[in-house]
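> quick check, what structure comes out for this input:
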Amino acid sequence: MRIAIVDDSPVDRVQLLECLTKYFAETKTEYETTCYEDAKDFLENYHYTFDFIILDIDMPGLSGINAAKILREKDPNVTLMFVTKMPQYAIEAYSVEAMDYMLKPVSYPDFCLKMKKAERYILRNSDAPILLQTTEGKLTRNASQILYVESRQHYLYYHTKNECLKVRGKLSDASGTLLPYHFARAGESFLVNLSHVKGLDGADVLVDGDRVPVSRRYRTQFLSAFTRYMGGF
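Got it, this is the predicted structure:
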């Protein structure tokens with residue numbers, strides 16, 4: 001995970017760095033951190049390389065809220081969280097689609113909860129090229145392009161907006177690849193991209209323009225996954 005800390009307080013930056021070091025040591029996750037003490041400098045040097053930005057609200061010159069508004073014009077998708085000593089300003093965080101905020105001084109238990117939430121947000125916004133060995137040769141499609149996967153008679157059918165790609169294999173194989181990219185099992189024969197779900201109608205889920213049946217066995221599991229996805233959890 002690539003993280004930026006934007007905070008004019010050296011003490012607060014050190015505290016956040018210590019929390020990050022402890023958290024990623026416990027989770028055994030690789031990460032790299034870049035610190036900025038000035039929001040204007042951060043924006044001038046922004047290169048779209050960060051997965052997660054921790055931004056102080058109260059800074060001299062350019063405030064964290066105003067910096068976030070400018071940032072959103074550059075990058076509408078990066079996961080953003082505020083830190084502040086003044087909770088009365090934290091409500092403004094949601095106007096720039098920040099995932100949450102933390103109060104200073106930051107407590108480590110609260111920090112852990114926020115980081116787990118941040119990881120879910122980052123994964124939700126992530127994408128990856130998926131290599132498919134189709135009957136017509138090897139093709140690559142991004143996970144976000146796949147609406148759902150259907151299993152029929154030893155073959156998998158990858159449905160996108162414009163095509164249906166036929167691949168020999170098992171749905172369990174596709175699940176292992178796609179579940180990290182907000183897919184969920186809808187039954188023994190279907191794997192659905194939750195970002196393309198338009199609604200539910202009876203026993204079916206509406207995926208773009210198609211209807212995909214949700215089996216009774218998987219219904220509770222699927223609805224739970226969809227609820228978590230919609231709530232950002």
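> could you say which helix or strand holds residue 62?
Secondary structure assigned from DSSP states H and E places residue 62 in neither a helix nor a strand.
> chain neighbours aside, what residue packs nearest to it?
Distance criterion CB to CB, 6 or more residues apart in numbering; nearest residue to residue 62, sequence neighbours excluded, is residue 39 at 4.3 Å. Where you see a C-beta, it was placed from the backbone N, CA and C, and this is true even at glycine.
> point out where this structure drops to low pLDDT.
With pLDDT under 70 as the threshold, the chain has low-confidence stretches at 125-126, 231-233.
> pretty sure the residue nearest to residue 62 contacts residue 57?
No - here residue 39 lies out of contact with residue 57, judged by CB atoms under 8 Å, at a distance of 10.2 Å.
> between the two, which contacts overlap?
Taking CB atoms under 8 Å, 6 or more residues apart in numbering as the contact definition, residue 39 and residue 57 share the neighbouring residues 63, 64.
> hmm, who's touching the helix or strand hosting residue 53?
Following DSSP H and E, the helix or strand that holds residue 53 is strand 52-56. Among residues not part of strand 52-56, those counted as contacts by CB under 8 Å, 6+ apart are 1-9, 12, 16, 39, 64, 67-68, 71, 78-84, 98, 118, 122.
> what about residue 216, neighbour count?
In terms of burial, residue 216 registers 8 neighbours under the definition other CB atoms under 10 Å.
> got the contact list for it?
For residue 216, the contact set (CB under 8 Å, 6+ apart) comprises residue 203.
> and the residue lying farthest from the centre of the chain, how far is that from residue 178?
With distances taken from the mean C-alpha point of the chain and given as CA atoms, centre = their mean, the most distant residue is residue 153, at 33.5 Å. Between residue 153 and residue 178 the distance, using CB to CB, to the nearest Å, works out to 20 Å.
> repeat that for residue 151.
For residue 151, the distance to residue 178 equals 13 Å [CB to CB].
> okay, these two: which has more neighbours?
For the pair residue 151 and residue 178, the greater number of neighbours falls to residue 178 (22 against 19), based on other CB under 10 Å.
> sec struct for that one, please.
Assigned state for residue 178: helix (three-state reduction, DSSP: H, G, I helix; E, B strand; the rest coil).
> take the contacts of strand 52-56 and keep only those in helices.
Per DSSP state H, helices hold the following members of the contacts of strand 52-56: 12, 16, 39, 64, 67, 68, 71, 118, 122.
> return a ChimeraX selection command for the buried portion of these.
Command for ChimeraX that selects the buried part of those, burial taken from 16 or more other CB atoms under 10 Å:
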select :12,16,39,64,67,68,71,118,122
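> can you put the ones in helices among the contacts of strand 52-56 in TSV and add distance to residue 108?
Output for these, formatted as TSV (distance: CB to CB, whole Å):
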residue	distance to residue 108
12	14
16	11
39	25
64	22
67	26
68	25
71	27
118	15
122	20
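> could I get the full set of helices for the chain?
Applying DSSP H to the chain gives helices spanning 10-27, 39-44, 64-74, 108-125, 171-178, 216-231.
> now the end-to-end length of stretch 135-152.
Terminal residues of stretch 135-152 lie 14 Å apart, using CA to CA, to the nearest Å.
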